[in-house]
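1. structure for this input, please:
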Amino acid sequence: MRFCWLALLLCLGGCDEARALRLAQQLESDALQQAIEEGRLGEAERALAQGETAADPALAAQAEFLRGNLSFAQAEARLERAQAALGKPEDWKQAVQRMRAASLHWQAATRARGDWPAARRNVERAERRLEEILELAEQAGVEVGDGAENQTATENTPPPEQQEPPAEPPSLPPPPSPERIDALLERMQEQLDRQQSQRRALPGLDIPEVERDW
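-> The predicted structure is shown next:
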């Protein structure tokens, strides 16, 4: 999906490839985060699994952060199922496993970026939530194990039973908000218009320098 955003940004003009790529990556991250927040976890998981590995440490950290967000949401969804009337022991186990995975991904994000206060706080949040889930499982009489085998779990190896029913994925995830996209496109179009006006200007005409605003 990144290349679809990139093609759109480049076609509008007034934006070099490097800047367009950064904007496309930001739009992609925002769309993934929105999918997670809206509960479209299967869609977000597929997009993260299909994404290429970023060489840039900042982008790699962002990807790990998003994987942590996804794992946390998956853990909460599993916990909700576990506490339902027809909840199964496996739901408790998966809630514990995904919460541990969230902590691991946020730890990786912190290391990849050198330090990241938001990721570090999320690690603490995941560890506190993990303790709560373990206590709830114990109260429900479910043995979830110590989970030592899950300490190296990654987002790339989710258990098959946690997969959501297949759904027809959209060609593009919805942008974070129409207002944000409109504002971005407006700024790009304004810059393109300014550049075209400069090219049409008569020789010798003083044209004030325009400062880039993005």
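2. show me the shaky parts of this protein.
-> 1-25, 51-55, 146-189, 191-192, 195-196, 198-214 (pLDDT under 70).
3. after the longest helix anywhere in the chain comes which helix or strand?
-> Longest helix of the chain, by residue count under DSSP state H: helix 57-83. Using DSSP states H and E, the helix or strand that follows helix 57-83 in sequence is helix 89-112.
4. next, the angle helix 57-83 makes with that following helix.
-> 160 degrees (axes from the mean of the first three to the mean of the last three CA atoms, to 10 degrees).
5. buried residues in the helix or strand just after helix 89-112?
-> The helix or strand immediately downstream of helix 89-112 is helix 117-139, counting by DSSP H and E. Within helix 117-139, the residues scored as buried using 16 or more other CB atoms under 10 Å are Ala119, Asn122, Val123, Ala126, Arg129, Leu130, Ile133, Leu134, Ala137. Using the backbone N, CA and C atoms, a C-beta is placed for each residue, glycine as well.
6. for stretch 81-101, same thing?
-> Those would be 81-82, 87, 90-101, for stretch 81-101 by 16+ other CB under 10 Å.
7. rewinding a little: packing partners for the longest helix of the chain?
-> Packed against helix 57-83 by the contact rule (3 or more CB pairs under 8 Å, 6 or more residues apart in numbering; DSSP states H and E) you find helix 17-37, helix 41-50, helix 89-112, helix 117-139.
8. again, only using 6 Å
-> helix 17-37, helix 41-50, helix 89-112 (3 or more CB pairs under 6 Å, 6 or more residues apart in numbering; DSSP states H and E).
9. out of the ones you listed, deepest packed?
-> Comparing those by mean neighbour count (mean count of other CB atoms under 10 Å), helix 89-112 ranks first with a mean of 23.
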